[in-house]
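In: quick one: sequence and predicted model below, then my questions.
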Amino acid sequence: MRIGIVLLIAKHFWTSVFKTRTIYLLMAIVGILLIYSVYSGTRYYDQNHFRSDHQEMARKSWEGNPDKHPHRMAHFGTFAFRTKHPLSQFDFGIESFTGNAVFLEAHKQNTVNFSEAGFSTGLLRFGELSMAMILQTILPLIIFFVGYSAIVSDREHGTLKLLLSQGASWKEILFGRSIGLAWIAILFSLPFLLITLWLLINDHHSSGDVWTRFFMISMTYLLFALILSLVTIFVSTGSKSSKNALVKLLGLWMLMTVLLPRSSQALGSYFYSTPTKLEFRSKIEAEVIQHGDSHNPNDPHYQALRDSVLAVHQVDDVTELPFNYGGFVMSVGEEISARIYNKHHNELLEQYRNQNKLNRWLAIVNPYLAVKNLSMALCGTDFESYVDFQLQAEIYRYELAQKMNELQIKHISPNRVSGSEGKTHVVSREEWKAFPDFEHQYLSIGRSLKNESISSISLMLWTFLAIGLIVRQSKIAKAI
Amino acid sequence: MLEAIDLSKMYGNHEALIDLNLTVRTGEVYCLLGQNGAGKTTTINLFLGLINPSRGKALINGKEVNINSDTNQMIAYIPEVVQLYGNMDGIENLNFFSRLSGHTYSKKELVELLEKAGLKKEDHTKKLSSYSKGMRQKVGIAIALSKNAQAIFMDEPTSGLDPKATDEFTTICKELVAEDKCIFMATHDIFNAVNVGSRIGIMNEGKLVHTADTSSINANELQELYLKTI
Amino acid sequence: MYALMFGQFLRTRTCQIGLVLILILGVISILIGKQFLIDQEKITSDVVENHAGHLKRNLEFHSDDIGLLLYYLEFVLVNPSSPIAALSIGQRDINPSVQSVNIRTLEGQRHDTDLVNPVSLLHGNLDLSFIILFVFPLLIIAFTYNLRSEEVESGTWRLVGVMSKSKFKFLLMKLAVRIALVLIALVVLIVLAALTLNISWNAAFVAFFVTGFLYQLFWFGICFWVVSLRQNSAVNALALLVIWLTLVILLPSALNNHIANKYPVPEALTTIIKQRDGYHQKWDTSKRETMEKFYTKYPQFESFGFPPEEGFNWLWYYAIQHMGDEESLDDSQMMRAKIEQREFKSRNWAKVVPTMHTQVVFNDVAGTSLTNHMDFLRQIQDFHEQIRLFFYPKIFHDENAKQINWEQFEPSYVQQEEEIDWIGNLLPLTIGLFLFLLLAVINRKAM
């Protein structure tokens, strides 16, 4: 293979495509879609200020509490609002389907509520127009359209014979055309990536691994463009007529982007059922009850605990202990119930992961899914990023509850056995301020990528496979 | 220069070419006559290495031709319908194809090549899609010239050309032969074959049934022979 | 002649693969719908069955203190799923159809979500409405894109021109064959769905059926128009795919972005903070002040007077719980208005985008639209108030819980009878269909 000839053929393909009018029409269409998706993406991301404003509002209200019994504060609780990752401007991922706000209080793990989908009409189910969506679903169509006749029409016109008789080898022709097509595909993708980069540069939240993420996103989409170009040339070479090539490619697009992902996710959910909310809650409750009711200091299960505590301190009654026993019992109870909840919640998440597994593995055969999964993960808008938010909120909730128990143990008189209302037996309001606010941290890129190893491998495999297909095709292709 | 030894090609059960033996030397124009399906184009495709023979071999300068050989470096080809890239002009097409064969020409040289092939200068920068068949063929010839190949294969070069264009074509062929190149053409056109060819072969149903020297036969005799053969 | 045409078309691979694929996908979608319905019923029956036990248990423990009893007691309101919901799951997968509420602050309870896998939501449901909306048009495109051009490309078109009286009529006949096959496939699937899911042929289901039917005809209209433009197969295929992409994906998703951005709902977040503060901060303020506010809302309870400032008291406690709802009322109403605004806008747009319109009709007749859920939320509010007003005097009087007839608090079911707006449902698609047919007929001479 002579590189000079390959590049000559590539350049020739490029120039001949740019001599048609359609390419400018396509560019105009993609341009409009790009502008609109950038506009929508930034507008969505702007809604972050609602979240941070409300986080602040909740904090102010928390700090504004007067001196009180700490258990009242444990129930006053606070909120965790999920903030969008700066890269969510590029890929919305599952953002619209995940809850945005959760109320954090003692003893109770509330659901994360107010997802965008909950406020949405059926329209949302048609999909969302994001930059990533255009690169994932529209760009393949454009590549197919520009390249479907790349080889087959030369054969139909007999130019292929001329090319070969001029001394170009099949390999040179096929790789030349593939590269020419890939250049065009990359030309279409670059504005998306550059605008994203520009958005990131102008965003003061961009820091740390955002740049690595951006680099990997760029690589992902460029590889995708290359794979699609090679596949297009492969199909074009193997087809009898231009029409056949086009129909095959359009069918492939349908299957890859519309039918397969939805069907496999549906099958995943069909095979792995998840508990209903009531089942989930009552299982946890039943297990917690086995350990007794911590809220009730007279609970029989806690009597053993009380007796041992009394024995250690050599007193007869909890009021004689050097600390508030109610707070102590609740901290034990909180620990038990949180552990049980987390166990069940992890089981639930595992079941969701099982539901998603089919699509995850199908990424091996469907590069569209590989790109989709990888892109979501890199943009911090995937399932694991959401789970991580839930985890952070739960950890914060637990710390808050235990901090309040600790304050009760330390500062509330042992004589106050139960009840928390009133203005006696209180803790200074300074303590509320001293407890730090919830701050949502984005998942690190290392952990994001770990979840998407299958997709990363799939992209690599597909790159090699597509090159392999072209090499093989160059050995068996027919000029006539 | 060109040699076929027991060259045969089967498509499934159909024998497209059976035991072809022939030799073409430099300075010769060899015309292969025959009906559609007689095996002319198959012969050319075999020499171009687009298909592999079922039996026997085709040699160019003593080198065996097959799909993977690089014998195409030594030859040029002008298809029946010179379908070049319609959205590029003559110069651009010539530039692309000549560079494909590893020759880089300056703009001036490209113009000279097209002029040598008989294409008028004002047509050089027109889109190929506006060319007539004769004009396209001239670009095809220029491409062949640009490669400076020793052997040129032509498939039905005069079909659909008007008499003036045919005449111009004949002139160019003669010039090429004078430069010690050899031309191998498949044609239906008996009169042109006699006019331009040095030797003539008549094919029928995959077999070469007659060969004749143009110095020893005139057009009428050839036509009689041809009609008798088929 | 028709028999010949059927025979010829049935023998093509496109027809065979297309029909088999759509029937398989259709059956899968019906099974998925059935599973969805079973899951929904399980969620409901779990809650309903559990409720009797819940009532009994709490009555056992707390019947001596009605205030405490009502602190724990939950009441269930169910928004039952119509079997048609299995065919058009709509918003039912994300919006819960059962709500358990206690008589404390409502805003903190009524937005609790079900357990759902967000990735499944992202990929969407493979229900029959998806097959009808997304996949059937593709089948129609595959069946018709080369209606004319295949004849031209195989060289039979001139012959057709010579042999048949009217080429246009010939194309119409070919089209009729394809329409018949596609509609038969649709009928098979819908009948299969009716049998599998025990759907009765009521007005709602007939509306579903007729709309689905008309939607397919609309696509045939578009395809026939494109065919009438006399382009080659590749151009037709591409043009139709672009139309499909625009109508099914690009336009709706662009509009979704537009509406979601135009009407953001930060009030939801404000509501939950305000309801929390509205209630909790009253622990630290004057009880008298709270009670005054409560009595302004419910003057009928004024006779219960003002409790002492020190110590705990149920009258005051439920009054401060209610303050949570009162103080978040403005934001809650604003949030509601915004969501209704979104629904209103998308319904308006749907009138001119046939895919959106068909989805709206499907979700309406299946009772799975956002409107349906908003109605449910409103009914929960009424339900909540009704129960509160029933129990308030009993708690404030500290009545004996045993004297109350608890059987009346079995789970209630919401009745949502919706009138079917036949003209509004069918008109947009009919207009679209005739528009494209007209355009095609205009081109008839040139064919």
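Out: Perfect, thanks for sending it. Please read these numbers as outputs of a predicted model, since none were measured by experiment.
In: check contacts around the residue in chain B that chain A sits nearest to.
Out: Of all residues in chain B, residue B:77 sits closest to chain A, at 3.4 Å by CB to the nearest CB. C-beta: built from backbone N, CA, C; applies to glycine. Applying CB atoms under 8 Å, 6 or more residues apart in numbering or on different chains to residue B:77 gives the contacts A:161-162, A:165-166, B:44, B:48, B:144, B:152-155.
In: what's the helix or strand for it?
Out: strand B:75-78 (DSSP states H and E).
In: of all of chain C, which residue lies closest to chain B?
Out: Counting by CB to the nearest CB, chain C gets nearest chain B through residue C:232, at 16.2 Å.
In: confidence score at that residue?
Out: Note on residue C:232: pLDDT of 88.
In: and if you look at the one 10 residues further on?
Out: On pLDDT, residue C:242 comes in at 91.
In: and residue A:372, by the same measure?
Out: At residue A:372, the pLDDT recorded in the model is 96.
In: quick check: the gap between the residue most central in space within chain B and chain C.
Out: The centroid of chain B falls nearest to residue B:154 when counting by CA atoms, centre = their mean (1.4 Å). Distance of residue B:154 to chain C, computed by CB to the nearest CB, to the nearest Å: 29 Å.
In: wait, a strand at that residue?
Out: Yes. Counting by DSSP: H, G, I helix; E, B strand; the rest coil, residue B:154 is located in a strand.
In: in what helix or strand does the residue lying closest to it once chain neighbours are set aside lie?
Out: Nearest residue to residue B:154, sequence neighbours excluded (CB to CB, 6 or more residues apart in numbering or on different chains): residue B:185, at 4.0 Å. Secondary structure assigned from DSSP H and E places residue B:185 in strand B:182-187.
In: any idea of the mean pLDDT for that strand?
Out: In this model, strand B:182-187 has an average pLDDT of 92.
In: return the very next helix or strand once past it as PDB; C-alpha atoms alone will do.
Out: Moving toward the C-terminus from strand B:182-187, the next helix or strand (DSSP H and E) is helix B:190-196. Taking C-alpha atoms only, helix B:190-196 is exported to PDB below (Å, rounded to 0.1, in the frame of the first residue of the first chain):
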ATOM      1  CA  ILE B 190     -14.500  -4.300 -39.000                       C
ATOM      2  CA  PHE B 191     -13.600  -1.300 -41.100                       C
ATOM      3  CA  ASN B 192     -11.800   0.500 -38.400                       C
ATOM      4  CA  ALA B 193     -10.000  -2.800 -37.400                       C
ATOM      5  CA  VAL B 194      -8.600  -3.100 -40.900                       C
ATOM      6  CA  ASN B 195      -7.800   0.600 -40.900                       C
ATOM      7  CA  VAL B 196      -5.900   0.800 -37.700                       C
END
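In: related to what we said a few turns ago, turn the contacts of residue B:77 into CSV, columns for pLDDT and distance to residue A:238.
Out: Below are these laid out as CSV (pLDDT from 0 to 100; distance: CB to CB, whole Å):
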residue, pLDDT, distance to residue A:238
A:161, 88, 18
A:162, 88, 21
A:165, 87, 22
A:166, 87, 23
B:44, 91, 24
B:48, 89, 21
B:144, 88, 30
B:152, 92, 31
B:153, 92, 27
B:154, 91, 30
B:155, 89, 25
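In: just the buried subset of those, please.
Out: The neighbour-count test (16 or more other CB atoms under 10 Å in any protein chain shown) marks A:161-162, A:165-166, B:44, B:48, B:144, B:152-155 as buried among the contacts of residue B:77.
In: what number of residues lie near residue A:308?
Out: 10 (other CB atoms under 10 Å in any protein chain shown).
In: tell me the pLDDT of it.
Out: pLDDT, residue A:308: 90.
In: would you mind measuring from it to residue B:74?
Out: Noted for residue A:308: a distance of 100 Å to residue B:74, by CB to CB, to the nearest Å.
In: same check on residue C:441?
Out: Applying CB to CB to residue C:441 and residue B:74 gives a distance of 61 Å.
In: same thing with residue A:220?
Out: With CB to CB as the criterion, residue A:220 and residue B:74 are 46 Å apart.
In: do residue B:40 as well
Out: For residue B:40 relative to residue B:74 (CB to CB), the value is 21 Å.
In: the more surrounded of these two?
Out: residue B:40 (23 against 17).
In: I'd say the more buried one and residue B:46 touch.
Out: No. With contact defined as CB atoms under 8 Å, residue B:40 does not count as touching residue B:46 (11.0 Å).
In: and residue C:132, its phi and psi?
Out: Reported as degrees, to the nearest 10, the phi and psi values for residue C:132 are phi -70, psi -40.
In: burial count for the nearest residue to it once chain neighbours are set aside?
Out: Closest residue in space to residue C:132, ignoring its immediate chain neighbours: residue C:212 at 5.0 Å, by CB to CB, 6+ apart. Residues lying near residue C:212 (other CB under 10 Å) number 26.
In: same question for the one 3 residues further on.
Out: Neighbour count of residue C:215, defined by other CB under 10 Å: 24.
In: what about residue C:330, distance to residue C:292?
Out: For residue C:330, the distance to residue C:292 equals 20 Å [CB to CB].
In: any idea which element the residue nearest to residue C:132 lies in?
Out: Using DSSP H and E, residue C:212 sits within helix C:203-227.
In: chain center to that helix, what's the gap?
Out: Computed by CA atoms, centre = their mean, to the nearest Å, the chain-centroid distance of helix C:203-227 equals 20 Å.
In: so residue A:51 sits against residue A:79, correct?
Out: No. If you go by CB under 8 Å, residue A:51 and residue A:79 don't touch, sitting 9.9 Å apart.
In: neighbour count for these two, which is higher?
Out: The neighbour count for residue A:51 versus residue A:79, taken as other CB under 10 Å, is higher for residue A:79 (24 against 20).
In: can you name the residues that contact the residue lying closest to that one once chain neighbours are set aside?
Out: Using CB to CB, 6+ apart and skipping the chain neighbours, the partner closest in space to residue A:79 is residue A:58 (4.5 Å). By CB under 8 Å, 6+ apart, the contact set of residue A:58 is A:78-79, A:81, C:273.
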